[in-house]
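> Fold the following for me, if possible:
(one chain, ligands or ions: 1)
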Amino acid sequence: MSNNNTKNEIIVDELPKCDFCSNKAGYDMKLIGGGYWAYVCEDHKKLGIKLGVGYGQKLVLNKGDE
Ligand SMILES: [Zn+2]
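Model (predicted):
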């Protein structure tokens, strides 16, 4: 179920911690108002502007060798 026109994903070996809580982050996003970037979890995704080029990217765990 994907209707994205572009890939806004970053492949990572390990998911970083959310910058606002102790959850694992799922996104690297530009924050509303701040203009700076942070790792955010599903709960704190709302602090980001949006997903998209220049705004936010989904972190995808590297599954390793297929
Ligand atoms: Zn969080």
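> Buried residues in stretch 11-22, which are they?
By 16 or more other C-beta atoms under 10 Å, the buried positions in stretch 11-22 come out as C18, D19. Where C-beta positions appear, they are placed from N, C-alpha and C, glycine not excepted.
> swap in stretch 27-37?
Quick answer for stretch 27-37 (16+ other C-beta under 10 Å): Y27, D28, M29, K30, L31.
> Can you verify my assumption that V40 contacts F20?
Yes - between V40 and F20 there is a contact under C-beta atoms under 8 Å: 6.6 Å.
> so what sits against both of these two?
L47 (C-beta atoms under 8 Å, 6 or more residues apart in numbering).
> Can you report phi and psi for the residue nearest the centre of the chain?
For the chain, the residue nearest the mean C-alpha position is Y27 (1.2 Å; C-alpha atoms, centre = their mean). The phi/psi pair for Y27 (degrees, to the nearest 10) reads phi -150, psi 150.
> Look up the closest residue to it, ignoring the ones flanking it.
Distances taken as C-beta to C-beta, 6 or more residues apart in numbering put V40 closest to Y27, at 5.2 Å, once the chain neighbours are dropped.
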